[in-house]
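A.B. asks: the sequence and its predicted three-dimensional model are supplied below.
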Amino acid sequence: MSSRIGLFVDFANISMNGGYGLRADLLRRFVARDGGQLVRLNAYLPFDSTRAETDSAYRAGQLRFHDALRDNGFKVMLKTVRWFEDAHGARHAKADCDMDIAVDMIEQADRLDTLVLASGDGDFARVAELVQARGARVEVIAFRNVSRRLRGAADAYTSGYLVPGLVPPERERSAREWGVLGGYARGICYQFENGFGFVRFLPRIAGQLWTSDSREADSPWQTCFLHGSQLPPGLSAEALPSRDLVLEFDLEEGDAPGRLKAVRVNVAGQPRPESRSESRSESRTPAEH
């Protein structure tokens, strides 16, 4: 009997913490990769209804995004953005979906085997514990600024950066195809000494992630070589190996036939330089996608 799965996506948290541009179709495929039955797919989003009345481009963009989510089987749960002024007259937006997500997860826990939460918000740690007490499994997927408390409460945590193609590459890459020679990938350096080591990455969405040894026949992971000369400025070799650092890199042919090596490495999740106009556009409201 296949596992009954529920997916709950906190888009405001994900988008503002490294998941901007997330592909909902690949997230859905990743969650159901082991043949599970997706029973609930809930997408929680802020929506500025006041702005939508006067900004046709915003309204049209939001509606297209909502329709794309529905095309992938998601139930779109909108939270109206409320604006208020602080003591200095500055306007701030508020559209917190946390309570809605928490209530839905707890209410639906009895009818699901696994609940997958896409959020890094530590406030959900207690929710995870309550759901687990009712017999369900809780898994978390997030990108940046992920609460240690939430990671500790979850039955499993996966960095969204490791999911093939889930978000666009963070640097300009010579090829945008994931996991192949001449393409790029993201992975974890699990061994590093004497100036070189090895990185583990997922070449495709498949398999059971706990089979982490790529030498095993049923492992979904693949290994590539990493030389210290390819590390970016600011990343000391002493920081490796590390399960907390996700590396993004191009894949080139290694010294041995059939082997790959990681080149032009950067650390995923680190803020990249932005123009002042880009910074303004991404900080206007969490409702923008």
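C.D. replies: That came through, no problem.
A.B. asks: hey, where'd the helices end up in this structure?
C.D. replies: With DSSP state H, the ranges of helices along the chain come out as 11-16, 24-31, 49-54, 56-71, 98-108, 125-133, 148-153, 276-282.
A.B. asks: as a markdown table, these with distance to Trp178, mean neighbour count and mean pLDDT would be great.
C.D. replies: Every C-beta, even on glycine, is put in place using the N, C-alpha and C of the backbone. Below are the helices of the chain laid out as a markdown table (distance: least, Cβ to Cβ, whole Å; neighbours: other Cβ atoms under 10 Å; pLDDT from 0 to 100):
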| stretch | distance to Trp178 | mean neighbour count | mean pLDDT |
| --- | --- | --- | --- |
| helix 11-16 | 19 | 22 | 93 |
| helix 24-31 | 10 | 20 | 96 |
| helix 49-54 | 35 | 13 | 88 |
| helix 56-71 | 21 | 14 | 94 |
| helix 98-108 | 29 | 17 | 96 |
| helix 125-133 | 30 | 18 | 97 |
| helix 148-153 | 25 | 16 | 97 |
| helix 276-282 | 24 | 10 | 35 |
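A.B. asks: for the ones you listed, which one sits closest to Ser219?
C.D. replies: For the helices of the chain, proximity to Ser219 was assessed by Cβ to Cβ; helix 24-31 is nearest, at 16.5 Å.
A.B. asks: for stretch 50-61, measure first residue to last.
C.D. replies: 15 Å (Cα to Cα, to the nearest Å).
A.B. asks: burial of Arg137, as a residue count?
C.D. replies: 18 (other Cβ atoms under 10 Å).
A.B. asks: let me see the contact set for it.
C.D. replies: For Arg137, the contacting residues are 113-115, 155-156, by Cβ atoms under 8 Å, 6 or more residues apart in numbering.
A.B. asks: who wins for most neighbours among those residues?
C.D. replies: The most crowded member of the contacts of Arg137, judged by other Cβ under 10 Å, is Leu115 (27 neighbours).
A.B. asks: okay, and the beta partners of the closest residue to that residue other than its chain neighbours?
C.D. replies: What sits nearest to Leu115 in space, not counting adjacent residues and going by Cβ to Cβ, 6 or more residues apart in numbering, is Gly6, at 4.8 Å. Bridge pairing for Gly6 (DSSP bridges) gives the partners Arg40, Leu115.
A.B. asks: same question for Arg200.
C.D. replies: Under the criterion used (DSSP bridges), Arg200 bridges to Ile188, Thr223.
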